[in-house]
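Peer 1: Below are the sequence and a predicted model for it; my questions follow.
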Amino acid sequence: MNFKSFSFAPEILRAIDECGYTELSPIQQLAIPHIRRGHDVLANAQTGTGKTAAFALPILQKLIDNPSERIASNAKVLVLAPTRELAEQIANSFERYGQYLDIKVAAIYGGVSHKGQANKLKDGADIIVATPGRLLEHIQMCNVSLSHVNFLVLDEADRMLDMGFINDIKQLMAAVNDERQTLLFSATYPSAMKKFSASVLKQPKIVQATKDNTTAETVQHVVYPVEERRKNELLSELIGRKNWHQVLVFVNMRDTASSVVEELNQYGITAAMCHGDKTQGARRRALREFKEGKVRVLVATEVAARGLDIEGLERVINVDLPFLAEDYVHRIGRTGRAGKSGQAVSFVSREEEHTLANIEALIGNQIRRIYYPGFEVSNRDALIKNINSTPAHRRRKARVNSPGGQEQGEARIKNRKKISSVRSAVKKTKLTLKK
């Protein structure tokens, strides 16, 4: 099925054609008819399957079908997203799809000046794409009102709940027109999401292009067991030996990101960082250099798991497994997009085996393990035997948490033995006297 089947306006079809889109993806085929008919929609699909076009195209068509004047400090469409990167990507998509239409799109997110965004909002926008926190700030500053919003989209809604945006979202929804059409899109569908969707959607049409929490069939999953302390070393070894280019690496902590970049640079592998402490400008620059091939590796924390759209990305590496199994689906969703093949590589230490089991249970598949020569995980029994044989372990009974060190510890043990001997003698004497 192609896009002409839905009778989009010539201006939209022209933009779609220039974007290189031909056939509709499953989520687009299922969601677009319901949105065009005005239903609330609960859509569950894998990342990289065309979710943005699934809601953006029918919304643009509805704006054409029901034209109205732009209202100062207001909007007709509101799209909420969890991260700056995703908000910016969605805004860019609306602009591309609507490039031959008279529409105004405002992207509102943190990390940049309020003033520039306030100026965009002053004359009104047809479409606002925002992160919840920053949009609330503009409302409190009286820079924008949501009273004329007729279309509300919650994209990556599960992630917004995970990030603690639930109260912000409720405040924003209370400010939006009650007669709005609400669209909720999510890659995963945990129980909290089911409860939330039931409270915000009115008789929704449920669109499920794939089974809950599945990953794209185009992605190959592999795991490398490795000691925690040798993960960075294994990363540089694989990238260097296998000559991998344009690799997106995920870690859990900002400090880990710094150590990974330092390790890679020492081996002559160019790398950049993308995490929450970086300014929006620095994150954009890192992503641009990665896309342009100026750096081979982009090291990111969870903030980049959503919204990064890197065309043709072949490989994602999890140096750290994510804390939540659902986040694995989002991370590796950066590769294998739009029907192209990709590889999801994960490092797993012995301490992360339980997390890996949760991920395998979530996606319904056991991930193939590769034991890389020279990086095998130590046998647990052998490790314990080795620890027991060390002089430090043999002296463990003499160790105490005091500045006196080993000698003082040994002296205290001798004293305790003497005290025990005296107490025993006293006890025997008392028993004798009683008799």
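Peer 2: Now that the structure is in, tell me what you want to look at.

Peer 1: Strands of the stretch 1-150 of the chain, residue ranges please.
Peer 2: 41-44, 77-80, 105-108, 127-130 (DSSP state E, counting those that start in this stretch).

Peer 1: Actually, the stretch 201-350 of the chain.
Peer 2: Using DSSP E, counting those that start in this stretch, the strands of the stretch 201-350 of the chain run over 205-208, 219-225, 247-250, 271-274, 297-300, 315-318, 342-348.

Peer 1: how about a markdown table for the ones you listed, with mean pLDDT, mean neighbour count and distance to Y328 added?
Peer 2: Where you see a C-beta, it was placed from the backbone N, CA and C, and this is true even at glycine. Formatted as a markdown table, those follow (pLDDT from 0 to 100; neighbours: other CB atoms under 10 Å; distance: least, CB to CB, whole Å):
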| stretch | mean pLDDT | mean neighbour count | distance to Y328 |
| --- | --- | --- | --- |
| strand 205-208 | 89 | 17 | 20 |
| strand 219-225 | 93 | 18 | 9 |
| strand 247-250 | 94 | 26 | 9 |
| strand 271-274 | 88 | 23 | 18 |
| strand 297-300 | 92 | 26 | 14 |
| strand 315-318 | 94 | 25 | 7 |
| strand 342-348 | 94 | 23 | 8 |
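
Peer 1: Pipe the ones you listed into TSV and attach distance to S191 per row.
Peer 2: Listed next are the strands of the stretch 201-350 of the chain as TSV, based on distance: least, CB to CB, whole Å:
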stretch	distance to S191
strand 205-208	16
strand 219-225	25
strand 247-250	25
strand 271-274	31
strand 297-300	28
strand 315-318	25
strand 342-348	25
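
Peer 1: quick one on the thing from earlier: most neighbours per residue, which of the strands of the stretch 1-150 of the chain?
Peer 2: strand 127-130 (a mean of 28; mean count of other CB atoms under 10 Å).

Peer 1: That strand: partners in the sheet, and parallel or antiparallel?
Peer 2: Paired strands of strand 127-130, with direction, are strand 77-80 (parallel), strand 105-108 (parallel) (DSSP bridges).

Peer 1: circling back: can I get the strands of the stretch 1-150 of the chain in CSV with mean pLDDT?
Peer 2: What follows is the strands of the stretch 1-150 of the chain, written out as CSV (pLDDT from 0 to 100):
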stretch, mean pLDDT
strand 41-44, 90
strand 77-80, 97
strand 105-108, 96
strand 127-130, 97
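
Peer 1: follow-up on the earlier one: can you redo the strands paired with strand 127-130 as TSV with distance to R296?
Peer 2: Converted to TSV, the strands paired with strand 127-130 look like this (distance: least, CB to CB, whole Å):
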stretch	distance to R296
strand 77-80	33
strand 105-108	29
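
Peer 1: right, and those strands - which one's nearest V207?
Peer 2: Closest to V207 of those is strand 77-80 (CB to CB; 17.2 Å).

Peer 1: Mind exporting the C-alpha coordinates of that closest one to CSV?
Peer 2: Output of strand 77-80 as CSV, limited to C-alpha atoms (Å, rounded to 0.1, in the frame of the first residue of the first chain):
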residue,chain,number,x,y,z
VAL,A,77,-1.4,20.7,17.8
LEU,A,78,0.7,19.7,20.8
VAL,A,79,3.2,16.9,20.7
LEU,A,80,5.0,15.9,24.0
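
Peer 1: now what about that strand, what contacts it?
Peer 2: Contact with strand 77-80 is made by 55, 59, 63, 87, 90, 94, 126-132, 135, 146, 149-155, 160, 169, 172, 176, as judged by CB atoms under 8 Å, 6 or more residues apart in numbering.

Peer 1: again with stretch 273-292
Peer 2: 84-85, 109-112, 246, 248, 254, 257-258, 261, 272, 295, 297-301, 303-304, 308, 310-311.

Peer 1: Under the pLDDT cut-off, which ranges of this protein? List them.
Peer 2: Scanning the chain for pLDDT under 70 picks out the ranges 1, 46-48, 210-216, 276-277, 280, 303-309, 337-339, 378-435.

Peer 1: Could you break this protein into its assigned domains?
Peer 2: As given by automatic domain parsing, the domain ranges for the chain are 3-208, 219-375, 387-413.

Peer 1: where exactly do the helices run in the stretch 251-400 of the chain?
Peer 2: For the stretch 251-400 of the chain, applying DSSP state H, counting those that start in this stretch gives helices covering 254-266, 280-292, 325-332, 353-363, 380-388, 391-394.

Peer 1: Of those helices, flag the one that's most buried.
Peer 2: The most buried one of the helices of the stretch 251-400 of the chain (mean count of other CB under 10 Å) is helix 325-332, showing a mean of 24.

Peer 1: Please export the C-alpha coordinates of that one as PDB.
Peer 2: Output of helix 325-332 as PDB, limited to C-alpha atoms (Å, rounded to 0.1, in the frame of the first residue of the first chain):
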ATOM      1  CA  ALA A 325      14.900  -4.300  30.500                       C
ATOM      2  CA  GLU A 326      12.400  -2.100  28.500                       C
ATOM      3  CA  ASP A 327      15.200   0.400  27.800                       C
ATOM      4  CA  TYR A 328      17.100  -2.300  25.900                       C
ATOM      5  CA  VAL A 329      14.400  -2.200  23.300                       C
ATOM      6  CA  HIS A 330      14.700   1.600  22.900                       C
ATOM      7  CA  ARG A 331      18.500   1.600  22.800                       C
ATOM      8  CA  ILE A 332      18.900  -1.100  20.100                       C
END
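
Peer 1: Can you name every helix or strand that it contacts?
Peer 2: helix 157-162, strand 315-318, strand 342-348, helix 353-363 (3 or more CB pairs under 8 Å, 6 or more residues apart in numbering; DSSP states H and E).

Peer 1: May I see those arranged in CSV, with distance to V329 as well?
Peer 2: Converted to CSV, the helices and strands packed on helix 325-332 look like this (distance: least, CB to CB, whole Å):
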stretch, distance to V329
helix 157-162, 10
strand 315-318, 11
strand 342-348, 10
helix 353-363, 7
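
Peer 1: Which of the ones you listed sits closest to R229?
Peer 2: Among the helices and strands packed on helix 325-332, strand 342-348 sits nearest to R229 (CB to CB), with 11.6 Å.

Peer 1: So what's the gap between the closest one and the chain middle?
Peer 2: When distances are taken as CA atoms, centre = their mean, to the nearest Å, strand 342-348 is centred 15 Å away from the chain's centroid.

Peer 1: Correct me if wrong: L60 contacts I103.
Peer 2: Yes - under the criterion of CB atoms under 8 Å, L60 makes contact with I103 at 7.2 Å.
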